[in-house]
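Enquirer: A structural model of the following input is requested.
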Amino acid sequence: MSPQALWQKYRSLAAGAIALALVMGIGRFVYTPILPLMEVEGLSTTAGGALASANYAGYMIGALAAVRLKKSSLRLLLLLLANVLFTWSMAYTDSLFWMHLLRFLSGLSSGLAFVLVSALILAAWRPRPNGMLYAGILFGGVGAGIFLSGALTPLFQDADSAWVGFGIVSLLLLAVAAAAYRHEEVPEVGDPGVVLRASGPHRKKHAAAYFFEGFGYIIFATYIVSMLVSMDDLPIDPAYVWAAVGLGVMPSCVFWAVVARRRGTLAALRMAYVLQLTGMLLPVLNQSVAVLLFSAICFGGTFMGITMLTMTYAPITGQRAIGVLTGGYGLGQLLGPLAAAWVIVRTEPLMALVLGAAALAAALVLIQNMIREERRGTHAIREY
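Expert: Purely as a prediction, here's the structure:
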């Protein structure tokens, strides 16, 4: 490959990471640091949970719809632009109906764009050695967006100005991503409908673990800033804890790719779940700044890594497989905020993290069971 062609691939990889910062880090997750501002302005805990679930419902539907969506750079550009507009428009309505619709549409465009970005960018790197490392760089863009959402939110005095501000930031990211991206036709590897996956009960446990991950992690990802705002003696703005999550996300996929190469993907998944479970429970036990920041880094350092490891374990390739797995994950994310809101209203806010931890523990048990079965050689990987 010529240096110019390789440079174009790296430019496209950077463009993909920026696109994920826009559509995931901001489009999906900026709601977390803005939620406390909306609650100050009168949004109830139940309504806040419902808004989060509307977004995650849209994400699930988008991911599933992307299964049959033809890869197209123009289509991706339009989805990114739509996501920017849905974020920006949140500033111009006080109607719960329209807010639910906008968050749903934002999630829909996020789900579609996530699958398209993954399919378009990773197709060029899949044939190369260390393809998982390049996937790690791509998914690190989500962390960059989360960091921006946490670091910039304290600059805004109210929710409307925050939505406008992040609409502008998203538009700037879109311009950079569009300028950097260079599309190239990459031949499909095999039949695009072919999916490699674990066989029999092993496959079901793999999918169930990912569902529990979606249910558990999203409770922290939705409510952690809102929970910390209720602590009057916290010496830092809680949004900075969310920024620390983003810092944990950025290098995490590359880190877990290295761990997976040395220890195996299932062993890496087990380690990631243990760390995420630790990060989930720490704020329940201790609310010092050091512990909260460590918790945020543990959480941020695992949730995108778990996504990447889950997608590559089978090994799974292709737009269809990414969409189906992401859809199941999205179902867990849809249910998690609703269940957490029920717990928060009836108990203490931090108790919702215990619920999330229980879901992660269930996923960990399934992964451990898969490791045990794999050692026995009872469920080898086979092609369908």
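
Enquirer: Leu13 and Ala135 touch, don't they?
Expert: No - under the criterion of Cβ atoms under 8 Å, Leu13 makes no contact with Ala135, lying 9.6 Å away. Bear in mind the C-beta positions are built from the backbone N, C-alpha and C, glycine included.

Enquirer: Please say which of these two ends up with more neighbours.
Expert: The neighbour comparison of Leu13 against Ala135 (other Cβ atoms under 10 Å) goes to Ala135, with 24 against 21.

Enquirer: So for that one, what's the pLDDT?
Expert: According to the per-residue confidence, Ala135 scores 79 in pLDDT.

Enquirer: was I right about it contacting Ala257?
Expert: Yes - counting by Cβ under 8 Å, Ala257 is a contact partner of Ala135 at 7.1 Å.

Enquirer: any common contacting residues for those two?
Expert: Counting by Cβ atoms under 8 Å, 6 or more residues apart in numbering, the shared contacts of Ala135 and Ala257 are Met308.

Enquirer: Quick one: the helices in this protein, in order.
Expert: Listed from the start of the chain, the chain has helices (DSSP state H) covering 3-20, 31-40, 45-65, 73-89, 96-125, 131-152, 159-180, 200-229, 238-263, 265-285, 289-313, 319-346, 351-376.

Enquirer: low pLDDT regions in the stretch 101-250 of the chain?
Expert: Of all residues in the stretch 101-250 of the chain, those with pLDDT under 70 make up the ranges 123-132, 182-203.

Enquirer: at 90 what do you get?
Expert: In the predicted model of the stretch 101-250 of the chain, residues 111, 114-139, 179-208, 229-235 satisfy pLDDT under 90.

Enquirer: go on, the stretch 251-384 of the chain?
Expert: Within the stretch 251-384 of the chain, the stretches falling below the threshold (pLDDT under 90) are 253, 257, 260-261, 264-265, 287, 307-331, 333-334, 345, 348-350, 370-384.

Enquirer: what's near enough to touch the closest residue to Ser230 other than its chain neighbours?
Expert: What sits nearest to Ser230 in space, not counting adjacent residues and going by Cβ to Cβ, 6 or more residues apart in numbering, is Pro349, at 5.8 Å. Contact partners of Pro349, counting by Cβ under 8 Å, 6+ apart, are 223, 226-227, 230.

Enquirer: Please identify which two of those are farthest apart in space.
Expert: Tyr223 and Ser230 (10.3 Å; Cβ to Cβ).

Enquirer: Have a look at these two and say which one is more surrounded.
Expert: Here Tyr223 and Ser230 are set side by side on neighbour count (other Cβ under 10 Å), and the busier one is Tyr223, at 28 against 14.

Enquirer: residues contacting that one?
Expert: Counting by Cβ under 8 Å, 6+ apart, Tyr223 makes contact with 32, 35, 337, 340, 344, 349, 352.

Enquirer: repeat that for 10 Å
Expert: Under the criterion of Cβ atoms under 10 Å, 6 or more residues apart in numbering, the neighbours of Tyr223 are 32, 35-36, 45, 48-49, 52, 336-337, 340-341, 343-344, 349-350, 352-353, 356.

Enquirer: repeat for Ser72
Expert: By Cβ under 10 Å, 6+ apart, the contact set of Ser72 is 78-79, 116, 120, 183.

Enquirer: which of these lies closest to Pro251?
Expert: Distance ranking of the contacts of Ser72 against Pro251, using Cβ to Cβ, places Leu120 first at 23.2 Å.

Enquirer: Disregarding flanking residues, what is the spatial nearest neighbour of that closest one?
Expert: The spatial neighbour of Leu120 that comes closest, neighbours along the chain excluded (Cβ to Cβ, 6+ apart), is Lys71 at 5.6 Å.

Enquirer: same thing with Met351?
Expert: On the basis of Cβ to Cβ, 6+ apart, the spatially nearest residue to Met351 that is not a chain neighbour turns out to be Val343, at 5.6 Å.

Enquirer: cool, Leu366 as well?
Expert: With Cβ to Cβ, 6+ apart as the criterion, Leu366 has its nearest non-adjacent residue at 4.1 Å, and that residue is Ala209.

Enquirer: Who are the contact partners of that neighbour?
Expert: Ala209 sits next to 269, 273, 306, 310, 360, 362-370 when contact means Cβ under 10 Å, 6+ apart.

Enquirer: and the residues you listed, which are buried?
Expert: In the contacts of Ala209, burial by neighbour count holds for 269, 273, 306, 310, 360, 362-364, 366-367, 370, counting by 16 or more other Cβ atoms under 10 Å.
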